[in-house]
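K.L.:
Pasting a predicted model and its sequence here:
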Amino acid sequence: MRQSRFYAFVFVAPALLMLVAILGWPLLSAVLLSLQDVRTVGSEGNWVGLANYRKVLSNAAFWNASWLSVVWVVANAALQTVLALAAALVLNQRFPGVRIARTWIILTWIVPTVVVVMIWRWLFSTSGGMINPLLIQIGIIDRPIGFFSSKWSAMATLVFINSWRWFPFIALMMLAGLTRIPSDLYEAARIDGASTFKRFTRITWPLLAPTLGVLVIVGTLLSFNVFDIIWLLTSGGPAGGTKTLPILIYETAFKGYRLSEAATVAVLASVLLMAFAFFATRSLAQQGDER
């Protein structure tokens, strides 16, 4: 047993060393940078210890960005899960063209971010866009509204756009989980007279839960670090209403010329994400053991 573990470690060691080199060194560099007072890239800085951490933790902008990051992650997770689950359940059925649908649904995910931003900025525009006239025509609104004009409307619009882009990828992962559920279970449930809702709650949902758990962890980590869509559409506005932690880090480093302070925010965000990943993964492992 010990010998097999030794050989397993030997074979995994090169990959672990490469992972440490790729991830560990930049993280260590960020930690060292956060303990100095470097203002711009390439400049020298003095050692200031934990002064940057005290400054960041006492800054209201950091806590506001942290709160907006939580709102962003939770809203994206909820909307993406609902859309992806609905799409996966539809694509798991047998109907003409299902293979084509399974292929084409991924298109929104592979479209470049800049193209996505250009399309949705035009669609949501108050002058010439298609969304406002459509909403007016069906009677939901009586005059054009600015989707990016207020804090919460801008955040909701960004969540919708980001979820629209990412839910097909999650749907395909869910579809892979659905295809692993034995069809005999559904057939037995139909014979016993179980309704569609009961088949979903008693068979589909419990057996799909492990896949959903992994997707929640990965989706949370990916959503938390989204920068491009937010920056290209709102740049953190209006009035800081969409300034999540990645936006705050960028502005602090490259617009405020406080590189060490930005590194401090990045380190704190990394610790938060690692803690979430650790406890979430541990929770999934415990649930797997109970099953």
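P.N.:
Looks like it arrived, so ask away. Numbering: from 1, shown residues only.
K.L.:
So the spatially most central residue of the chain, which state does it fall into?
P.N.:
For the chain, the residue whose C-alpha lies nearest the mean C-alpha position (Cα atoms, centre = their mean) is S223; its distance is 1.8 Å. Assigned with DSSP: H, G, I helix; E, B strand; the rest coil, S223 falls in the helix class.
K.L.:
so what's the closest residue to it other than its chain neighbours up against?
P.N.:
The shortest distance from S223 to any residue other than its chain neighbours is 4.4 Å, reached at N76 (Cβ to Cβ, 6 or more residues apart in numbering). Bear in mind the C-beta positions are built from the backbone N, C-alpha and C, glycine included. N76 makes contacts with 159, 162-163, 166, 219, 223, as judged by Cβ atoms under 8 Å, 6 or more residues apart in numbering.
K.L.:
now do K55
P.N.:
Neighbours of K55 in contact, by Cβ under 8 Å, 6+ apart: 261, 264.
K.L.:
returning to what we had before: please identify the buried residues of whichever strand or helix holds the residue nearest to S223?
P.N.:
N76 belongs to helix 60-91 when elements are defined using DSSP states H and E. By neighbour count on 16 or more other Cβ atoms under 10 Å, the buried set for helix 60-91 is 62, 65-66, 68-69, 71-73, 75-77, 79-81, 83-85, 87-89, 91.
K.L.:
Would you mind giving me the confidence score for the residue nearest to the centre of the chain?
P.N.:
S223 carries a pLDDT value of 90.
K.L.:
what's the one helix or strand P26 maps to packed up against?
P.N.:
Element membership for P26 (DSSP H and E) is helix 25-34. Counting contacts by 3 or more Cβ pairs under 8 Å, 6 or more residues apart in numbering; DSSP states H and E, helix 25-34 packs against helix 259-290.
K.L.:
still on that earlier bit, what lies in contact with the helix holding P26?
P.N.:
Contacts of helix 25-34 (Cβ under 8 Å, 6+ apart): 45, 52-53, 259-261, 263-264, 266-267, 270.
K.L.:
List the contacts of the closest residue to A253 other than its chain neighbours.
P.N.:
Nearest residue to A253, sequence neighbours excluded (Cβ to Cβ, 6+ apart): A262, at 3.5 Å. Remark: with contacts taken as Cβ under 8 Å, 6+ apart, A262 is in contact with 249-250, 252-253, 256.
K.L.:
and P206, how many residues sit next to it?
P.N.:
By other Cβ atoms under 10 Å, 12 other residues sit near P206.
K.L.:
Now do it against L185, distance only.
P.N.:
Distance from P206 to L185, counting by Cβ to Cβ, to the nearest Å: 10 Å.
K.L.:
same deal with L135?
P.N.:
43 Å.
K.L.:
Tell me where the stretch 151-291 of the chain has helices.
P.N.:
Ranges of helices in the stretch 151-291 of the chain, per DSSP state H, counting those that start in this stretch, are 151-179, 183-191, 196-199, 205-224, 228-233, 245-254, 259-290.
K.L.:
possible to save those helices as JSON lines with distance to R143?
P.N.:
Formatted as JSON lines, the helices of the stretch 151-291 of the chain follow (distance: least, Cβ to Cβ, whole Å):
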{"stretch": "helix 151-179", "distance to R143": "14"}
{"stretch": "helix 183-191", "distance to R143": "49"}
{"stretch": "helix 196-199", "distance to R143": "41"}
{"stretch": "helix 205-224", "distance to R143": "33"}
{"stretch": "helix 228-233", "distance to R143": "22"}
{"stretch": "helix 245-254", "distance to R143": "31"}
{"stretch": "helix 259-290", "distance to R143": "40"}
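K.L.:
nearest to R121, of those?
P.N.:
Proximity to R121 (Cβ to Cβ) singles out helix 228-233 among the helices of the stretch 151-291 of the chain, at 6.4 Å.
K.L.:
hmm, back to that, of the contacts of N76, the lowest pLDDT goes to which?
P.N.:
Minimum pLDDT across the contacts of N76 falls on G219, with 84.
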